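Chemist: Here is my input; please provide its structure:
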Amino acid sequence: PLRDLLAFAANVGRGNLAARTEHTGNDELGRLGRAFNHMAEDLSKLYQNLEARVEEKTAELTIANRSLELLYHSIARLYNGPVAPDTYVILLKDLENVLGVGQGLACLVEAGDSRARVIASTLQPNSGDAGQCGLISCAECLKHQALAVHPLHDGRRVMALPLMDTEHHYGVLQLEMPPGKELAQWQIQLLEALSRHIGIAIGTARRTEQSRRLPLLEERAALARELHDSLAQSLAYMKIQVSRLKPLVDNPQRGDEARNVLEELREGLNSAYRQLRELLTTFRLRIDGAGLTAALQTTVAEFSSRGDIPITLEAHLAGCTLTPNEEIHALQIVREALSNVLNHAQARQAQVKVACTGDGSVLATVTDDGIGVHRAAGAHHYGMTIMEERAKNLGGQLTVERLPVFGTRVTLHFTPSNRRKIPVPIHPAQA
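Modeler: Predicted coordinates:
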């Protein structure tokens, strides 16, 4: 009996859980044999349950892996091109393959519209696929704020998932349900998560588009303001001069007055042309990733070449972080000051200094050795007013001072918005 029990234990140890001992008498070894048989039976049941549980967990992991893979690739496509029809077609086909649902389509509705617009579909009418939109109204599809299944008149069913974020309802994703098909809970959760991400992607794309339009509108407003403050006033001045000239032409005795008016008209036209050229240059201006210092270097080289005078630059902006709007304002003030140097100051040299001070503010100066801007600018130049308005938009101060011997110094001093927490508009302040 003892050898039989030892052989049984060896069989069980080798994994043969079907082995049983025949020594099950009433003596002590028999009771031990019955205990061994019960143990082998329990181990066999546990092993069978373990295999079933491993298979169940493997199936769950496979489902989770397929779901995560679909969700990952779909989100990657959406955020690369959230409103591209091809993106939605690929997404619909993936859903058909992974979830076993039928063909589908994606619809978007514009703000203020009651009808949706189909932007993507896997239906193929040429192959006999029946459309879904003719069997269900847009209002019926769009009114639901959660997943809903709509029975169609021809006996089919269509599942509709809203495409929305926390603020807006953008449209609906429709999928045909095959006859007898019922979605598992994980499939429903996957579709709901995917529809939420589609809605977020659409909302992000629309907000990005709006944010891109805003600088364009602000730039147009700035252009209109500067045209009004400079070119329009020069043209108005010349219109008055033409009115003065009209009676002088008919009177030969007032020829000297006519020549004076003509000279003023010539100066006005030259000034208007120069201002128009400066404005066009200004609004072609862009600051690329190289930053303000590189843009200043380009500007100094441009004006030095144009005026054929030496212009030096000292730029030390380490420690000061400027927004793109602040960089553009500061650069345009420097450009306007250099334009004054070339056109009015009759200078032989100039110097530009831009530095970050110890308190985090920015100090910029443009100095020349000419005759002075105020005395030379005359009635046709409005650049100084525009410079002052730009300085106000920066929350700073612009000063123009004559130097003791020769020349003028234009000084701009402002604190960047990240230091004072006040946003800076791109367009000049209204008077």
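Chemist: pLDDT value on Ala236, please?
Modeler: Ala236 is assigned a pLDDT of 75 by the prediction.
Chemist: element containing it, please.
Modeler: helix 233-249 (DSSP states H and E).
Chemist: Over to His144?
Modeler: When secondary structure is defined by DSSP H and E, His144 falls outside every helix and strand.
Chemist: For Leu92, see how far away it is.
Modeler: His144 sits 19 Å away from Leu92, taking CB to CB, to the nearest Å as the criterion. Yep, even glycine has a C-beta here, placed from its N, CA and C like the rest.
Chemist: neighbour count winner among these two?
Modeler: Leu92 (22 against 15; other CB atoms under 10 Å).
Chemist: my read: that one touches Gln103, true?
Modeler: Yes: under the criterion of CB atoms under 8 Å, Leu92 is in contact with Gln103, at a separation of 7.4 Å.
Chemist: Mind listing the shared neighbours of the two?
Modeler: Contact criterion CB atoms under 8 Å, 6 or more residues apart in numbering; residues shared by Leu92 and Gln103: Ser121, Thr122, Leu175.
Chemist: Most neighbours of all those residues, which one?
Modeler: The member of the shared contacts of Leu92 and Gln103 that has the most neighbours, counting by other CB under 10 Å, is Leu175 with 24 neighbours.
Chemist: out of everything not next to it in sequence, what's closest to that residue?
Modeler: Ranked by CB to CB, 6 or more residues apart in numbering and with sequence neighbours excluded, the top spatial neighbour of Leu175 is Gly104, at 4.0 Å.
Chemist: residues touching that neighbour, list them.
Modeler: Leu92, Leu95, Glu96, Ser121, Thr122, Leu173, Gln174, Leu175, Glu176.
Chemist: what is the fourth one paired to in the beta sheet?
Modeler: The one in question is Ser121. Partner residues in beta bridges with Ser121, using DSSP bridges, are Leu105.
Chemist: ok, it to Gly358 distance?
Modeler: Applying CB to CB to Ser121 and Gly358 gives a distance of 64 Å.
Chemist: next SSE after the helix or strand of the chain with the lowest mean pLDDT?
Modeler: Ranked by mean pLDDT, DSSP states H and E, the helix or strand of the chain with the weakest confidence is helix 373-377, at a mean of 49. Beyond helix 373-377 on the C-terminal side, the first helix or strand identified by DSSP H and E is helix 383-393.
Chemist: Using PDB, list the CA coordinates for that next one.
Modeler: As requested, the backbone C-alpha atoms of helix 383-393 are provided in PDB (Å, rounded to 0.1, in the frame of the first residue of the first chain):
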ATOM      1  CA  GLY A 383       4.800 108.600 -38.100                       C
ATOM      2  CA  MET A 384       5.500 110.100 -34.700                       C
ATOM      3  CA  THR A 385       1.800 109.900 -33.800                       C
ATOM      4  CA  ILE A 386       1.700 106.200 -34.800                       C
ATOM      5  CA  MET A 387       4.900 105.500 -32.800                       C
ATOM      6  CA  GLU A 388       3.300 107.100 -29.700                       C
ATOM      7  CA  GLU A 389       0.100 105.000 -30.200                       C
ATOM      8  CA  ARG A 390       2.200 101.800 -30.500                       C
ATOM      9  CA  ALA A 391       4.000 102.700 -27.300                       C
ATOM     10  CA  LYS A 392       0.700 103.100 -25.600                       C
ATOM     11  CA  ASN A 393      -0.400  99.700 -26.800                       C
END
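Chemist: could you check the angle helix 233-249 makes with that helix?
Modeler: 160 degrees (axes from the mean of the first three to the mean of the last three CA atoms, to 10 degrees).
Chemist: Next SSE downstream of helix 383-393?
Modeler: On the C-terminal side of helix 383-393, the nearest following helix or strand under DSSP H and E is strand 397-402.
Chemist: And for that following strand, what's in contact with it?
Modeler: Residues lying outside strand 397-402 but in contact with it, judged by CB under 8 Å, 6+ apart, are 333, 372-374, 384, 387-388, 390-391, 408-414.
Chemist: if you set the cut-off to 10 Å instead, what comes out?
Modeler: By CB atoms under 10 Å, 6 or more residues apart in numbering, the residues outside strand 397-402 that reach it are 333, 337, 340, 364-367, 371-375, 384, 387-392, 407-414.
Chemist: what comes up buried for that strand?
Modeler: In terms of neighbour count (16 or more other CB atoms under 10 Å), strand 397-402 has its buried residues at Leu398, Val400.
Chemist: what pairs with that strand, and is each one parallel or antiparallel?
Modeler: Taking DSSP bridges as the criterion, strand 397-402 forms sheet pairs with strand 408-414 (antiparallel).
Chemist: Convert the strand it pairs with to PDB, retaining C-alpha atoms only.
Modeler: In PDB, the C-alpha atoms belonging to strand 408-414 read as follows (Å, rounded to 0.1, in the frame of the first residue of the first chain):
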ATOM      1  CA  THR A 408      17.900 113.200 -31.900                       C
ATOM      2  CA  ARG A 409      17.300 110.300 -29.500                       C
ATOM      3  CA  VAL A 410      14.000 108.300 -29.700                       C
ATOM      4  CA  THR A 411      13.500 106.200 -26.600                       C
ATOM      5  CA  LEU A 412      11.000 103.400 -26.000                       C
ATOM      6  CA  HIS A 413      10.500 102.000 -22.500                       C
ATOM      7  CA  PHE A 414       8.000  99.300 -21.700                       C
END
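Chemist: so how far is it from its chain's centroid?
Modeler: 35 Å (CA atoms, centre = their mean, to the nearest Å).
Chemist: which strands and helices sit next to the helix or strand following it?
Modeler: On the C-terminal side of strand 408-414, the closest following helix or strand by DSSP H and E is helix 417-420. Contact partners of helix 417-420 among helices and strands, from 3 or more CB pairs under 10 Å, 6 or more residues apart in numbering; DSSP states H and E: helix 324-340.
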